[in-house]
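K.L.:
Got a sequence here, can you model it:
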Amino acid sequence: IRDSINYVRKKQEVFDMAKKKSIRVDFVKSCITYSKLNKIAISGIENICKRLRLDSIYDVINGRFAILSRRPSGKKSSSKRVAKCDTVFVTYRFCGHPTEEQASDLNQNIGASRFMWNRMLADYKLMWKLYGISIPMTPADYKDVSGLEWLNDRDSLALANVQLNLEKARSDYFAGERGAPKRKKKHQCKDSYTTNRVGKNIRIEDGGLRLPKINGLIELSMHRPIKPDGTLKSVTVTHEPDGKWYFSILIEYTAEEVELSDGLQKFFASGDINAISGIGLDMSVPFLYIDSSGNKPSYELNGREIKFVKQYRKLEKRIAKEQRRRSHMVKDSNNYSKQSEKIARLYAKAKHRREDFLHQIAVRLVRTYDVIAIEDLDMAAMKKALSLGKSVSDVGWGRFTAILEELCLKYGKILVRVSRWYPSSKTCHHCGYKNDDLQLSERIYVCPVCGNIMPRDKNAAINILEEGLRILKENIFRPSVEGYNKPSLITTIV
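P.N.:
Sure thing, here's the model as predicted:
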């Protein structure tokens, strides 16, 4: 009986909110009641709505029929920022140390955002099921509902971003670009929310951060200074499973034209490919990559040589041991939660160590070479086809290439992505012979034509470099390359 009462009450609340929108809802309701919606659409619904002064009725009907004269809405459809041609966004992510009261308020904002997502998603589905329409709603519509007055005490901008993200997810689903948006469950989804700066509600003061609806200054561990002359746009608060708080501060700067390196400028001026220094990288599951000189990734720090290590494999036994301990505990108990946080700290340690190594090695490559050639690999397919899911994920090749692309844009270098179908491993770099019978287990390449013998990965890296330079030389003198008009703006060639 209680469930039936709640269901009827929820239907009544949705209907009451729909009635508040405008008289156009009554028109849609009458059309549905008398089953005349399709007849009206066929007989020219556009003219009828103009006669009845209901031109905006199509805003509340989601995907029923296409209207050629519909004006594009200028409404923002997502909380993600889109950079203009003369601006650039930079995100600073700092670890925060909120007090118990501040942490409680932050958790309440996260919970309110999750609740708003689930409630709006459920109401959209219910309206579509009962009435065949989808009327746009805002978080303000819920604050007057009985039992939801507590939403007035939460960050309204965080709830507004939830609405924008949900509308973007639904539009992507109806366009066929993504799957249907799903309900977010506590402890199984990412705990975060985004709030925007309006006036001076968000400020950075004395090494701390001030957020709306949060009392006091949140202490931050600012490990690097924030570049001045920027405009603070938004802050994303994230509560990681290991218990730590992170604050991602988005700042907008005026875009500055990137100058190419000296070697690339000489190449653009003379066309001499020998003026640039390049390196080819062949992705390797055991070592991250093998370069065109046959070297493995490593760097020196304080007189020590730091080599690549699979961080998850290094901690795998400890993680398994802690997971076995947790399996003997009562689920959702205090000890179970403490043990889960302990396991999350081990996962976070592996993640941060891997991320640090990738940044360290990537910045050294970009500072040393003008052109970096890599393969455009499908990592998702490699994880499934070769049964190397855990090992490939532990390497972090996808994240490594993303870091390389960002740094090439920053330092004026070029990243060339060679086609994944290019036979870099089967081709002899000395004579060009292609050995189609080469097996994956053969780690030494022996050319049957010229007799060239060398490690398989080194041969592949040399071929990748040569193919990358060929692509660069072939495309660089065209009027536009990959949508860019100025050579100084080229960062990636696919």
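K.L.:
For the longest helix belonging to the chain, name the packing helices and strands.
P.N.:
Using DSSP state H to define each element, the chain has its longest helix at helix 334-368. Helix 334-368 is packed against strand 298-301, helix 311-327, helix 397-411, with contacts defined by 3 or more C-beta pairs under 8 Å, 6 or more residues apart in numbering; DSSP states H and E. C-betas here are computed from N, CA, C, even on glycine.
K.L.:
closest to P181 out of the ones you listed?
P.N.:
Shortest distance between P181 and the helices and strands packed on helix 334-368, using C-beta to C-beta, is found for helix 397-411: 24.5 Å.
K.L.:
List the buried residues in the closest one.
P.N.:
For helix 397-411, a neighbour-count test (16 or more other C-beta atoms under 10 Å) marks 397, 399-401, 403-405, 407-409, 411 as buried.
K.L.:
Then stretch 140-155?
P.N.:
141-142, 145, 148, 151, 154-155.
K.L.:
go on, stretch 345-357?
P.N.:
For stretch 345-357, by 16+ other C-beta under 10 Å, it's 346-347, 349-351, 354, 357.
K.L.:
List just the nearest of these to E467.
P.N.:
Taking C-beta to C-beta as the measure, F357 is the one of the buried residues of stretch 345-357 closest to E467, at 27.1 Å.
K.L.:
need the contact list for R325.
P.N.:
Counting by C-beta atoms under 8 Å, 6 or more residues apart in numbering, R325 touches Q339.
K.L.:
need the helices for the chain, in chain order.
P.N.:
2-19, 24-33, 37-42, 45-51, 100-131, 156-174, 262-270, 311-327, 334-368, 379-385, 389-395, 397-411, 456-475.
K.L.:
mind giving me JSON lines with those and columns for mean pLDDT?
P.N.:
Below are these laid out as JSON lines (pLDDT from 0 to 100):
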{"stretch": "helix 2-19", "mean pLDDT": "60"}
{"stretch": "helix 24-33", "mean pLDDT": "41"}
{"stretch": "helix 37-42", "mean pLDDT": "40"}
{"stretch": "helix 45-51", "mean pLDDT": "44"}
{"stretch": "helix 100-131", "mean pLDDT": "93"}
{"stretch": "helix 156-174", "mean pLDDT": "93"}
{"stretch": "helix 262-270", "mean pLDDT": "86"}
{"stretch": "helix 311-327", "mean pLDDT": "95"}
{"stretch": "helix 334-368", "mean pLDDT": "94"}
{"stretch": "helix 379-385", "mean pLDDT": "81"}
{"stretch": "helix 389-395", "mean pLDDT": "88"}
{"stretch": "helix 397-411", "mean pLDDT": "91"}
{"stretch": "helix 456-475", "mean pLDDT": "89"}
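K.L.:
Out of these, which is closest to R210?
P.N.:
Going by C-beta to C-beta, the one of the helices of the chain nearest R210 is helix 100-131, 10.7 Å.
K.L.:
name the helices or strands packed onto the closest one?
P.N.:
Contacts defined by 3+ C-beta pairs under 8 Å, 6+ apart place helix 100-131 against helix 2-19, helix 24-33, helix 156-174, strand 191-196, strand 231-239.
K.L.:
can you tell which of the helices of the chain is closest to G230?
P.N.:
Nearest of those to G230, taken as C-beta to C-beta: helix 397-411 at 15.9 Å.
K.L.:
quick one, that closest one and helix 334-368 angle?
P.N.:
50 degrees (axes from the mean of the first three to the mean of the last three C-alpha atoms, to 10 degrees).
K.L.:
Pull out the CA atoms of helix 397-411 and give them to me as CSV.
P.N.:
Provided in CSV are the C-alpha atoms of helix 397-411 (Å, rounded to 0.1, in the frame of the first residue of the first chain):
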residue,chain,number,x,y,z
TRP,A,397,49.8,3.5,-23.4
GLY,A,398,46.6,5.5,-24.1
ARG,A,399,47.3,7.9,-21.3
PHE,A,400,51.0,8.2,-22.5
THR,A,401,50.0,9.2,-26.0
ALA,A,402,47.5,11.8,-24.6
ILE,A,403,50.3,13.4,-22.5
LEU,A,404,52.6,13.4,-25.5
GLU,A,405,50.0,15.3,-27.6
GLU,A,406,49.4,17.9,-24.9
LEU,A,407,53.1,18.5,-24.5
CYS,A,408,53.7,18.8,-28.2
LEU,A,409,51.1,21.5,-28.4
LYS,A,410,52.8,23.3,-25.4
TYR,A,411,56.4,23.1,-26.7
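K.L.:
thinking again about what came up before, now, which of the buried residues of stretch 140-155 sits nearest I453?
P.N.:
Nearest to I453 among the buried residues of stretch 140-155, with distances taken as C-beta to C-beta, is D155, at 65.2 Å.
K.L.:
Might one say that that closest one is in contact with T195?
P.N.:
Yes: under the criterion of C-beta atoms under 8 Å, D155 makes contact with T195 at 5.3 Å.
K.L.:
okay, now the closest residue to E219 other than its chain neighbours: neighbour count?
P.N.:
Distances taken as C-beta to C-beta, 6 or more residues apart in numbering put H97 closest to E219, at 4.5 Å, once the chain neighbours are dropped. Neighbour count for H97, taken as other C-beta atoms under 10 Å: 13.
K.L.:
Okay, H97 and F247: tell me how far apart.
P.N.:
Distance of H97 to F247, given as C-beta to C-beta, to the nearest Å: 10 Å.
K.L.:
got any residues that touch both of these two?
P.N.:
Common contacts of H97 and F247, defined by C-beta under 8 Å, 6+ apart, comprise 218, 220.
K.L.:
hang on, the earlier thing: want to throw the buried residues of stretch 140-155 into JSON lines with pLDDT and distance to V416?
P.N.:
Rendered in JSON lines, the data for these read as follows (pLDDT from 0 to 100; distance: C-beta to C-beta, whole Å):
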{"residue": "D141", "pLDDT": "89", "distance to V416": "51"}
{"residue": "Y142", "pLDDT": "91", "distance to V416": "51"}
{"residue": "V145", "pLDDT": "87", "distance to V416": "56"}
{"residue": "L148", "pLDDT": "91", "distance to V416": "54"}
{"residue": "L151", "pLDDT": "94", "distance to V416": "51"}
{"residue": "R154", "pLDDT": "94", "distance to V416": "48"}
{"residue": "D155", "pLDDT": "94", "distance to V416": "45"}
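K.L.:
so which two of the residues you listed are the farthest from each other?
P.N.:
Top of the distance list for those (C-beta to C-beta): V145 and D155, 18.4 Å.
K.L.:
How many residues are close by the closest residue to I453 other than its chain neighbours?
P.N.:
Excluding its sequence neighbours, the residue lying closest to I453 (C-beta to C-beta, 6+ apart) is V446, at 5.3 Å. Look at V446: counted by other C-beta under 10 Å, it has 13 neighbours.
K.L.:
wait, V446 sits on N459?
P.N.:
No: checked against C-beta under 8 Å, the pair V446 and N459 is beyond contact range at 10.2 Å.
K.L.:
anything in contact with each of these two?
P.N.:
Counting by C-beta under 8 Å, 6+ apart, nothing touches both V446 and N459.
K.L.:
picking up where we left off before, turn the helices and strands packed on helix 334-368 into a markdown table, including distance to I273.
P.N.:
A markdown table is the format used below for these (distance: least, C-beta to C-beta, whole Å):
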| stretch | distance to I273 |
| --- | --- |
| strand 298-301 | 28 |
| helix 311-327 | 38 |
| helix 397-411 | 18 |
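K.L.:
Could you point out which of those sits nearest E252?
P.N.:
Across the helices and strands packed on helix 334-368, E252 has its closest neighbour in helix 397-411 (16.7 Å, C-beta to C-beta).
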